[in-house]
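**Student:** Quick one: sequence plus predicted model below, questions after.
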Amino acid sequence: MTMLSRVAENIYWMARYIERAENTARLVNVNGNLLLDLPRHVRLGWEPLLDISGSREHFAELYHEPDERSVVRFMVSNQNNPGSILSSLNQARENARTIRDIIPREAWEQINELYLRARGEANRVLSRSGRFEYLRHVILGAQTITGLLAGTMNHDEGYDFLRMGRNLERADMTTRIIDVRSATLLSETHEDLTPFENIQWVGVLKSLTGYQMYRRTARIRVRRPDVLRFLFQESVFPRSVAHATGEVEACLAHLPRNEKPLRTVGTLRRKVQRVRPAGLEQAQLHDFIDDLQAGLARVHNSIAATYF
């Protein structure tokens, strides 16, 4: 491999942090809209976001109550939370700064500008009107960086590490959203609220910007088995687990010394392809997702051990 392992690692983590910031912004945005769509007496609240990000314990160390204001601040602007949007953009910026001679200058400038603006306007998220525009800017800023890198960076080994970082982060977030959102669906606890199950599954799809693509592919109303199949196995949807792991596999195929990481990601892909989501009860779904997340961690560890 001609690329320095330090450079490869910086590119990989830069991509993961940009993706994490975008995913978190989308999550916070969709949660606010979902709560507006549900009946007033239904209290889904903001706690599920803490479970999706795996940060409930850390949140409890910093705040008393998981109310809207506290959770939004924790998820967006609290730099003591390593998973907040601001922390993710800061880490992306630090990784990009050390490889400014590797990535296009315009990409570095865009990452730097996005972080500085997100930091400078962070208080806007505390009002609902300012929050939508702030989060929309983060999402579009992250997508601009992704497009800029795709269109201007050499598609060499460095770009393979960038794609692997982005797609592993993407697969991880998709599994987390399915796990937590499916566990909090109202129909399982409120029999009179079954019609609102549809709204919540639409919320799951919108968290991944997948609603329109689902409708194009499935051409049927939004139902649990079909949404699960789409998000796990739809090979042409960029945020499905199947597509993301396939991208990682394709990138690894270009790299030297790839036997172990290729074997690891291949095992994970076959597991996703074999599952029948419609047959999974909630407890089985949770166990399957736990298994997938452990598999994603093994893929990351194998890439890190081989190349970093």
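**Tutor:** Right, received. Where do you want to start?
**Student:** pull the longest helix from this structure.
**Tutor:** helix 5-37 (DSSP state H).
**Student:** Look up the pLDDT of Glu47 for me, please.
**Tutor:** Note on Glu47: pLDDT of 84.
**Student:** how about the nearest residue to it, chain neighbours excluded?
**Tutor:** Among residues not flanking Glu47 along the chain, Pro66 sits closest, at 4.7 Å (Cβ to Cβ, 6 or more residues apart in numbering). C-beta coordinates here come from the backbone N, C-alpha and C atoms, glycine included.
**Student:** Likewise for Arg224?
**Tutor:** Trp201 (6.3 Å).
**Student:** Would you enumerate the residues in contact with that neighbour?
**Tutor:** Neighbouring residues of Trp201 by Cβ atoms under 8 Å, 6 or more residues apart in numbering: 185, 222-224, 227.
**Student:** ok, and the most crowded of those residues?
**Tutor:** Among the contacts of Trp201, Val227 has the most neighbours (other Cβ atoms under 10 Å), with 22 neighbours.
**Student:** Pull out the buried residues from the helix or strand harbouring it.
**Tutor:** Taking DSSP states H and E as the criterion, Val227 maps to helix 224-233. For helix 224-233, the neighbour count (16 or more other Cβ atoms under 10 Å) marks 224, 226-233 as buried.
**Student:** Repeat that for stretch 272-292.
**Tutor:** Going by 16+ other Cβ under 10 Å, stretch 272-292 has these buried residues: 272, 275, 277, 280, 285-286, 288-289, 292.
**Student:** what does stretch 89-99 give?
**Tutor:** So for stretch 89-99, counting by 16+ other Cβ under 10 Å, buried means 89-93, 95-96, 99.
**Student:** Restricted to helices, list those.
**Tutor:** Filtering the buried residues of stretch 89-99 for helices - DSSP H - leaves 89-93, 95-96.
**Student:** right, and the helix or strand after the worst-scoring helix or strand of the chain on mean pLDDT?
**Tutor:** Every helix and strand of the chain was ranked by mean pLDDT, DSSP states H and E. The lowest is helix 195-207, at a mean of 77. Note on helix 195-207: by DSSP H and E, the next helix or strand toward the C-terminus is helix 211-218.
**Student:** quick one: that next one to chain centroid distance?
**Tutor:** Relative to its chain's centre, helix 211-218 lies at 19 Å (Cα atoms, centre = their mean, to the nearest Å).
**Student:** What score does the spatially most central residue of the chain have for pLDDT?
**Tutor:** In the chain, the residue lying closest to the centroid (Cα atoms, centre = their mean) is Met173, at 3.5 Å. At Met173, the pLDDT value in this model is 91.
**Student:** Can you give me every residue that contacts it?
**Tutor:** Met173 neighbours (Cβ under 8 Å, 6+ apart): 19-20, 23, 52, 208.
**Student:** Okay, now the unreliable bits of the stretch 1-150 of the chain?
**Tutor:** Counting by pLDDT under 70, the stretch 1-150 of the chain shows low-confidence ranges at 1-3, 34-44.
**Student:** Now with 50, please.
**Tutor:** Within the stretch 1-150 of the chain, no range satisfies pLDDT under 50.
**Student:** next SSE after the helix holding Val227?
**Tutor:** Taking DSSP H and E, what comes next after helix 224-233 is helix 241-253.
**Student:** can I see the domain layout of this structure?
**Tutor:** Residue ranges for the domains of the chain, per automatic domain parsing: 1-153, 154-308.
**Student:** on that earlier part again, same list as before, the buried residues of helix 224-233 that is, but in TSV and with distance to Gly246 included.
**Tutor:** Listed next are the buried residues of helix 224-233 as TSV, based on distance: Cβ to Cβ, whole Å:
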residue	distance to Gly246
Arg224	24
Asp226	21
Val227	20
Leu228	18
Arg229	16
Phe230	15
Leu231	14
Phe232	12
Gln233	11
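**Student:** What pLDDT is listed against the nearest residue to Lys271 once chain neighbours are set aside?
**Tutor:** Beyond its immediate neighbours in the sequence, the residue positioned closest to Lys271 (Cβ to Cβ, 6+ apart) is Gly295, lying 6.7 Å away. Gly295 carries a pLDDT value of 96.
**Student:** for Gly295, what are its contacts?
**Tutor:** Gly295 neighbours (Cβ under 8 Å, 6+ apart): 264, 267-268, 271.
**Student:** rewinding a little: between the buried residues of helix 224-233, which is nearest Ser302?
**Tutor:** Phe232 (21.7 Å; Cβ to Cβ).
**Student:** And the buried residues of stretch 89-99, which is closest to Trp46?
**Tutor:** Leu89 (21.3 Å).
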